[in-house]
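Undergrad: Build me a structure from this.
(3 chains)
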Amino acid sequence: MILVTHAPLARSFFLRDTISVARDLLGKTIIRNSREGMLRARIVETEAYLSSGDEASHSARGKTQRNASMFARGGTAYVYTIHARCCFNVVTEEADKGCAVLVRAVEPLSGVERMRALRGLCSDRDLTRGPARSCEALGIGLSWDGWDLTSGRRLWVCQGDSLSAVELGNSVRIGISRSQELLYRFFVKNNRFVSGPQRLNHV
DNA sequence: ACGGGGATCGGCT
DNA sequence: GCCGATCCCCGTA
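TA: Here you go, the predicted model:
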């Protein structure tokens, strides 16, 4: 039985503009439910990837087999591999636009022992500090590409605790070399799981 | 705490 | 072949 507080975010949340979704996902909870038990983690760092004019986005050169789910409607999971690792994205806006939010870091809430088993030997901080580490700790592999995150089963996103007491920061995206970078990265300030620099960058 | 370099492999030109 | 929305380890402070 799903508790009220674990109710999935509605489709309408993901259909909004990508920048707003990237910012508003901070503090939300990712839930991964399986026979092994429930894993819960709080989103503390995100990046927005837009459709038109964003050279750094996987969708910049159109639809391919790899990025196909990025062109699904908002609320769909987009999981891709890079450097032999997986990264988890939440698709935003209407279908065929090709925009998404990358989840760059989460803070473990429950099921920490299982996360440790999934990650292998590492420090507590490195359990979920970074997009691929977060993915591995939550048991999110390539097979989750295209999953409907509003279904409220197996893998979804729910409201989580209010973020009113914490401070938010933004900066340029990490690891992007091409194109003029804008402040498309959002993070919870002073959270130890945030993967990049905490200072604000200015363009 | 921070930075540099190597590992690694699937997708794309 | 090339290259990346990365990670990990090993230098320096």
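
Undergrad: May I ask you to confirm that A:Ala7 is in contact with A:Arg153?
TA: No - contact criterion CB atoms under 8 Å: A:Ala7 and A:Arg153 do not qualify, at 11.7 Å. Backbone N, C-alpha and C define where each C-beta goes, glycine included.

Undergrad: which residue ranges form the helices in chain A?
TA: Taking DSSP state H, the helices of chain A run over residues A:11-14, A:18-24, A:112-119, A:131-137.

Undergrad: Which stretch among those helices is buried most, on average?
TA: The highest mean neighbour count among those, using mean count of other CB atoms under 10 Å, belongs to helix A:131-137: a mean of 23.

Undergrad: Which elements pack onto that one?
TA: Here helix A:131-137 touches strand A:37-49, strand A:85-92, strand A:99-110, helix A:112-119, going by 3 or more CB pairs under 8 Å, 6 or more residues apart in numbering; DSSP states H and E.

Undergrad: coming back round to it: of the helices of chain A, which is nearest DNA strand B?
TA: Closest to DNA strand B of the helices of chain A, according to CB to the nearest atom of the strand: helix A:131-137, at 10.3 Å.

Undergrad: Contacts made by the closest one with the rest, please.
TA: A:39, A:41, A:79, A:82-83, A:85-88, A:102-106, A:108, A:115, A:118-119, A:122, A:126-128, A:141, A:195 (CB atoms under 8 Å, 6 or more residues apart in numbering).

Undergrad: and if we set it to 6 Å?
TA: A:85-88, A:104-106, A:115, A:118-119, A:127-128 (CB atoms under 6 Å, 6 or more residues apart in numbering).

Undergrad: Also stretch A:141-161?
TA: Outside stretch A:141-161, the residues that reach it (CB under 6 Å, 6+ apart) are A:6-9, A:11, A:27-33, A:42, A:69, A:75, A:77, A:79, A:86.

Undergrad: Please go through those residues and note which also touch DNA strand C.
TA: When contact is defined as CB under 7 Å from any atom of the strand, the contacts of stretch A:141-161 do not meet DNA strand C at all.

Undergrad: Are any of those buried, and if so which?
TA: Among the contacts of stretch A:141-161, the ones that count as buried by 16 or more other CB atoms under 10 Å are A:6, A:8-9, A:27-33, A:42, A:69, A:75, A:77, A:79, A:86.

Undergrad: just the residues you listed now: which is nearest A:Ile174?
TA: Of all the buried ones among the contacts of stretch A:141-161, A:Cys86 has the smallest distance to A:Ile174: 16.8 Å, by CB to CB.

Undergrad: For the closest one, which non-adjacent residue is spatially closest?
TA: Leaving aside its chain neighbours, A:Cys86 sits nearest to A:Cys135 (4.5 Å; criterion: CB to CB, 6 or more residues apart in numbering).

Undergrad: Pull up the per-residue confidence for the one you found.
TA: Per-residue pLDDT puts A:Cys135 at 97.

Undergrad: got it, and A:Arg178?
TA: 65.

Undergrad: do the same with the one 5 residues further on
TA: pLDDT, the model's per-residue confidence, is 88 for A:Leu183.
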